[in-house]
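[1] task: produce atomic coordinates for the following.
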Amino acid sequence: MANHEGYSRIYCCFVCRNFVARHDDIVSKSFQAHSGRAYLFSHAMNIRSGPKEDRHLLTGLHTVADVFCDDCGEPIGWKYFKAHEPSQKYKEAKVVLEKVKIVREDA
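    The predicted model follows:
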């Protein structure tokens, strides 16, 4: 499990409080999930990915995989592996975490 020491603000799984991302790694807060708002992170930790699949999302076709808390298994978002539209390439290798599935904590 990745350590969160030295980070002032972190995000944790809302179920088990497992550390999954740093506030400083937020790329965008303007993403949308089925549950509502979501954040795009440059990377996340203590997560595992499900199988990759092609999905038609609001911004076009993407190869993505659902991501789960590595501790409790709760689904918390998805990871972009490939964006088929040139304007969406910035999302590749980044992770979207649903706002309702994470909690911000001040370390």
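[2] the closest residue in space to residue 99 that isn't next to it in sequence bridge partners, please.
    Excluding the flanking residues, the one nearest residue 99 by CB to CB, 6 or more residues apart in numbering is residue 37, at 4.4 Å. All C-beta atoms are positioned from the backbone trio N, CA, C, and that covers glycine. Counting by DSSP bridges, residue 37 is bridged to residue 32.
[3] now for residue 37: which residues touch it?
    29, 31, 98, 99 (CB atoms under 8 Å, 6 or more residues apart in numbering).
[4] okay, the second one: pLDDT?
    What that stands for is residue 31. For residue 31, the pLDDT comes out at 94.
[5] ok, it - contacts?
    Going by CB under 8 Å, 6+ apart, the list of residues near residue 31 reads 37, 38, 39, 40, 96.
[6] can you redo the residues you listed as JSON lines with distance to residue 15 and pLDDT?
    Output for the contacts of residue 31, formatted as JSON lines (distance: CB to CB, whole Å; pLDDT from 0 to 100):
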{"residue": "37", "distance to residue 15": "19", "pLDDT": "96"}
{"residue": "38", "distance to residue 15": "17", "pLDDT": "97"}
{"residue": "39", "distance to residue 15": "18", "pLDDT": "98"}
{"residue": "40", "distance to residue 15": "22", "pLDDT": "98"}
{"residue": "96", "distance to residue 15": "18", "pLDDT": "98"}
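[7] and the strands in the protein?
    Ranges of strands within the chain are 9-13, 19-22, 26-33, 36-41, 47-49, 53-57, 60-69, 75-83, 95-98, 102-106, based on DSSP state E.
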